[in-house]
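Chemist: structure for this input, please:
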Amino acid sequence: EFWTNFTNASQVYSIGEGASNSTAYVGACQGYADGVLHYPLYYILMDVFRDQNPQSMEKLAQQVKVNNESFNDTTLCDIFLDNHDLPRFLNQTKNEVLIRNALIYLMFSDGIPILYYGIEQGFIGNNSNQTLHLGEP
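Modeler: Here you go, the predicted structure:
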C-alpha cells in the first residue's frame, strides 16, 4: 500500500525490483510501481546469448508470450543485461556477435533498456580488472 500511494503522490515514473526469474512474480510487482526490473528476461538472455550450450531463440519468443500474460504494460519494464547484483553478461560470452545480438534485442524489444556501466568498455566482472576488447583481433 505504501509504494502505491508513494508512486501516485510523487507523480514520477517509479521502478520496482522483484529479483526473481518468475515472470508471474515480477509481473505482479508492477501493481506497486510503474515499471519493474525484468529479471526473468535477464535470465532468458543469459541462456540464449551465452557461449556454452546456448538455448534456442524460441525461448525468447516464449518469454514474450508470458510477458504479455504477466505484466500490466511490458513497455514499462526495465530490461538489462548487467546490473550490480548479478554476474556481468560478458562473463557468460566473449563472442562479439552474441554480445551485439543481445544488445540489439535489448534496444528493440518492449521495455526501457538500462545499460549498466562497463559493457561498452568490455568489463567482464571479475576481480582481475580485465576487459574484453571488442572489435580487436
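
Chemist: quick one: end-to-end distance for stretch 28-44.
Modeler: 19 Å (Cα to Cα, to the nearest Å).

Chemist: what's the average pLDDT for that stretch?
Modeler: The average pLDDT within stretch 28-44 is 92.

Chemist: stretch 118-129 too?
Modeler: 71.

Chemist: mind jotting down where the helices sit in this structure?
Modeler: Remark: helices assigned in the chain by DSSP state H are 2-10, 23-29, 39-48, 58-70, 96-108.

Chemist: what packs against the last one?
Modeler: If I follow you right, that is helix 96-108. helix 39-48 (3 or more Cβ pairs under 8 Å, 6 or more residues apart in numbering; DSSP states H and E). For glycine as for every other residue, the C-beta is placed from the backbone atoms N, C-alpha and C.

Chemist: next: the fourth one.
Modeler: Packing contacts for helix 58-70, counted by 3+ Cβ pairs under 8 Å, 6+ apart, involve helix 23-29, helix 39-48.

Chemist: go on, the third one?
Modeler: With contacts defined as 3+ Cβ pairs under 8 Å, 6+ apart, helix 39-48 has these neighbours: helix 23-29, helix 58-70, strand 78-80, helix 96-108.
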